[in-house]
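J.: I'd like to go over a predicted model; first the sequence, then the structure.
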Amino acid sequence: MAAGSPGSSRRRVVVAITGASGSAYGVRLLQHLQLLDDVEVHLVVSRSGSLTLSQETSLSPRDLRGMADVSHRATDVGASIASGSFGVYAMVVAPCSIRTLSAVAYCQSSDLISRAADVTLKEGRQLVLMVRETPLHLGHLRAMTAAAEAGAIIMPPVPALYERPADVGELIDSTVRRVIERIGLTATADVWQGIQPTSAVLNGRSA
């Protein structure tokens with residue numbers, strides 16, 4: 001049975017939102033996951049994440065809680081997702097601050113987000129870190145390397161401009177769809193078909 005509620009085949013996905021700029025990535029991830037009937041979403045928002053959310057969007061943490069099946073306080077290190085015995089399919093930190101990256105890389109489980117991330121790694125489950133920072137100095141890069149060596153998937157929200165997005169919303173959606181596809185929930189991301197010349201040749205004939 002998949003990791004979900006007792007007697008259910010729903011897969012549990014933990015979504016953590018930290019204080020890095022880019023809270024819209026976490027919001028859109030929640031909205032996309034809401035559309036998947038076989039997913040049970042657990043949400044954790046850090047204190048800094050709530051502050052950034054208020055600066056970058058018109059949403060409140062309460063609004064986000066309405067997008068999740070279960071919401072946990074970031075200070076509640078005794079929550080269900082802090083235990084390896086609680087079956088979780090995957091965890092995504094969107095966006096991931098350098099502070100959270102460092103906590104994951106160096107096993108500093110001081111709050112529920114870093115604890116849940118550490119548990120995800122030690123249980124061999126998928127952990128996606130949407131690290132949002134630029135430029136990167138050597139310390140950042142070393143932390144990314146350490147986290148990757150521990151099993152984390154480092155996935156900065158890099159826009160795919162070849163899709164010719166019409167606005168920021170399309171940029172965000174493209175990245176979020178790729179995250180969902182990366183953890184194997186659904187193949188919603190647009191498939192790259194290659195650069196098509198003006199006169200593409202299909203089966204020996206000009207298109």
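T.: Alright, I've got the coordinates.

J.: quick one: the helices in this protein?
T.: For the chain, the helices defined by DSSP state H occupy 23-34, 47-56, 61-65, 98-105, 112-122, 138-149, 168-182.

J.: okay, these in TSV with mean pLDDT and mean neighbour count next?
T.: Any C-beta I mention is one placed from the backbone N, CA and C, and that applies to glycine too. Below are the helices of the chain laid out as TSV (pLDDT from 0 to 100; neighbours: other Cβ atoms under 10 Å):
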stretch	mean pLDDT	mean neighbour count
helix 23-34	96	21
helix 47-56	97	16
helix 61-65	95	14
helix 98-105	98	22
helix 112-122	98	23
helix 138-149	98	14
helix 168-182	94	18
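
J.: let me have the ones you listed in CSV, adding distance to R12 as columns.
T.: Below are these laid out as CSV (distance: least, Cβ to Cβ, whole Å):
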stretch, distance to R12
helix 23-34, 11
helix 47-56, 20
helix 61-65, 16
helix 98-105, 19
helix 112-122, 11
helix 138-149, 22
helix 168-182, 15
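
J.: of those, which approaches M91 most closely?
T.: Evaluated with Cβ to Cβ, the helices of the chain place helix 112-122 nearest to M91, the distance being 4.5 Å.

J.: now the angle from that closest one to helix 47-56?
T.: 110 degrees (axes from the mean of the first three to the mean of the last three Cα atoms, to 10 degrees).

J.: residues in contact with helix 112-122?
T.: 14, 16, 18, 44, 46, 72-77, 79, 81-84, 88, 90-91, 93, 100, 103-104, 107-109, 126-127, 129, 150-152 (Cβ atoms under 8 Å, 6 or more residues apart in numbering).

J.: again, 7 Å this time
T.: 14, 16, 18, 44, 46, 72, 74-77, 79, 81-84, 88, 91, 93, 100, 103-104, 107-109, 127, 150-152 (Cβ atoms under 7 Å, 6 or more residues apart in numbering).

J.: now these: which count as buried?
T.: 14, 16, 18, 44, 46, 72, 74, 77, 79, 81-82, 88, 91, 93, 100, 103-104, 109, 127, 150, 152 (16 or more other Cβ atoms under 10 Å).

J.: so of those, which ones are in strands?
T.: 14, 16, 44, 72, 91, 93, 127 (DSSP state E).
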